[in-house]
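A.B. asks: Generate coordinates for the sequence data below:
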Amino acid sequence: MKQSKYVQLKIPLKDETYLALEYFAALNKESVSALIRRLLAQEMDTSAPEPDVLTLKMRRAIRDTLGPVEEALAKHAADATIAAATGMFLGLWYILVEID
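C.D. replies: The predicted structure is shown next:
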């Protein structure tokens, strides 16, 4: 089996850029080196069918943002259903009591 050979590069980066790379690497549970290799390979492969990193990050951010909103809406819908059922029951009970 043929071994892959890596070449080391030294690239000066701004602190903010490196911190962003560390953050995205941690999100993907990979090392910064692996993230950079993957990003470079993805960028160089113009026929890659998978979405770019920015698209994936935007999807994840939207999902993470909407998750709690969906949960809150479901809770409010359940509360409204319970309130409507209780009101209906009390209305029918009052009618039955007043008729007798």
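
A.B. asks: Show me what the one helix or strand in the chain whose mean pLDDT sits lowest is in contact with.
C.D. replies: Within the chain, no helix or strand scores below helix 32-44, which has a mean of 84 by mean pLDDT, DSSP states H and E. Around helix 32-44, the neighbours that count as contacts under CB atoms under 8 Å, 6 or more residues apart in numbering are Tyr18, Leu21, Glu22, Phe24, Ala25, Asn28, Glu30, Ala48, Glu50, Asp52, Val53. From N, CA and C alone the C-beta is placed, and that goes for glycine too.

A.B. asks: Settle this for me: the last one is touching Phe24, isn't it.
C.D. replies: Looking back up the chat, that one is Val53. Yes - using CB atoms under 8 Å, Val53 makes contact with Phe24 at a distance of 7.3 Å.

A.B. asks: ok, back up a step: among the contacts of helix 32-44, name the buried ones.
C.D. replies: For the contacts of helix 32-44, a burial check counting by 16 or more other CB atoms under 10 Å picks out Leu21, Phe24, Ala25.

A.B. asks: OK, contacts around the last one?
C.D. replies: Contacts of Ala25 were listed using CB under 8 Å, 6+ apart, and they are Ser31, Val32, Ala34, Leu35.
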